[in-house]
Each structure stands twice: as C-alpha cells, then as structure tokens.
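**Student:** How does the following fold in three dimensions:
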Amino acid sequence: MKLQLEPDVAFGVHPEFGVVAAVSDDHPFLDEVLRKHHFRHNSTLDLYTLADDTPHNAAVRAVARASREFQDVGLSVAADPRIVLPPPIPTPEGVPARQAALPGQSLTALTGELHALRRSADVADVLEQVLDEHHGVVGDLEEFIDTAAAWCDRLDTANGRELGQHLRTIAHHVAFLGDQLVTAQLDLAVMPDVTPNDAPPLCEVPLLPRYEIPSVTHTARSRAALASSPNRPATQSTSPDEAAHSPAAPSSPRRTR
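**Tutor:** Alright, predicted model coming up:
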C-alpha cells in the first residue's frame, strides 16, 4: 500500500536487524528522541537500529514510547504491525517450533472483549481462547514457569534446585487452574442465559474483594527471621546433670497462617 503522505517517522522489521526506524528528514528532534529510546543510526542502511541483544518486549516498548513522543508534538508516525509479533521460541532439535501468539490474543485484549458480550456462549468462546492449546495464556504461563525452573536448575546450587522445584509446584497449580477453567468454560457454553438490556455496564459492577496474600518480600523476611543465623555459634551440648537443673524452655506459641 502506498501512503499518500510520507510519515515523519516509520517503524518496521528488518530481516537482519530486527526492529528499525526511518525518518523523513535530518531534523535533530527526530534523532534525539530515537536515541533516547536506544535507537542508533546506521549510516550504511540509513536506518535507526536497536542493539542486537534487545529483548522483543523492550523493542516493542521503545517503539510505543518513541511514537507517543512524536505524536505529542504533532508528528506523523507509521508502524508495521509485525513489530508486535514475538520471535519464535527456541525448541530442542526434532521438536516442532511453537507458533507465535496471534495479535489481539493478549489477556488484556480478551478481557476487553468481555465488556461488549451479552450471551454466555460468547463468554465461553473468549475463555476458550485463554485455554487454547497453542495460543492460550494459561499454557503459556505454565511453560514460562517450567522454563524459569529449568533456568534455576542451571545454577547447579542447592538454592537453585530448591527454587526450581518450588516453581514446578507453581506450574502444577497453574495446570490445575487450567482444568478448573475448562470446567467453567464448558458450563458457560451450555448456558442459554443472556444479560438483560437494562443490565449495568460491566465496568460499573464492583469486583468482590479477594483474600489478601502476603507479598513475596514479606514472606521472604518472615523466613529470614525464623532461619538460624550462619554467624550464630552452635548450641553447646549440656551434661545430664546440667540439663536436669536447667529450667525447661517455654513452649513457643503455635504459628498460624
């Protein structure tokens, strides 16, 4: 498609350099904003490129933030939609590569769809996308946690192995959550219910309060407080006579979560 008006800045995907930017002229402001968001000018290509090791999400954020700055001052911006497509996930040899997530299937986008739906079956269709075997966020989350556990194993330390096992337990809970959501999705699919025309907008329906779980920082501090200090001298053994005359230690109160 040929644009009638050339944009001031255009973002696209280069087959070798990834996300790149092109400018219509040599205005210093364009160069300043792009460099602010980690783009560097490649004189050979006459394009702005990011560092080779820039993560995909960081590249998408750089495009979004730079575009916002350009648009705030009235400049026109064009961006190739393929920028948001993530790169293929590395897989072992002989294992077929996973398909990339499709645009519009983010959990935020799917949550936004719920606001316009009235039939239970339609909600079931959206929930089915969350549970999709290839693109669903539940499966993606489970795989992400498993991969993080494998990363911890590579530390080859006791702490790494312990944390890896803990992450695998979390992945098991995510899989169980997926099973529960499948049951809810099937129930919604067979329900003939439709919200009445005078029902309040979904955004005006208050969400029920959920049980508050202590933050990770609080939990970590609690564990550290209860753990024995490596600098604390080991308890010296006492003779039977000393033990007989020493007062009994008071029982500690039972801790409840």
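**Student:** what's the neighbour count on Val174?
**Tutor:** Neighbours of Val174 under the rule other Cβ atoms under 10 Å: 17. The way it works is simple: take the backbone N, C-alpha and C, and place the C-beta from them, glycine included.
**Student:** ok, it - contacts?
**Tutor:** Counting by Cβ atoms under 8 Å, 6 or more residues apart in numbering, Val174 makes contact with 138, 141-142, 145.
**Student:** Now for these: which two are most distant?
**Tutor:** Across those, no pair lies farther apart than Val138 and Ile145, at 11.1 Å, counting by Cβ to Cβ.
**Student:** Share the number of residues neighbouring Glu113, please.
**Tutor:** Glu113: 14 surrounding residues under other Cβ under 10 Å.
**Student:** let me fix that: Ala64
**Tutor:** So Ala64, with other Cβ under 10 Å, has 14 neighbours.
**Student:** Looks to me like it is in a helix.
**Tutor:** Yes - the assignment for Ala64 (DSSP: H, G, I helix; E, B strand; the rest coil) places it in a helix.
**Student:** Quick check: it vs Val19, distance?
**Tutor:** 11 Å (Cβ to Cβ, to the nearest Å).
**Student:** about what we covered before: which among the contacts of Val174 gets closest to Asp25?
**Tutor:** Taking Cβ to Cβ as the measure, Leu141 is the one of the contacts of Val174 closest to Asp25, at 44.8 Å.
**Student:** gap between the closest one and Cys203?
**Tutor:** Taking Cβ to Cβ, one finds Leu141 at 25 Å from Cys203.
**Student:** Neighbour count for the two, which is higher?
**Tutor:** Leu141 (17 against 6).
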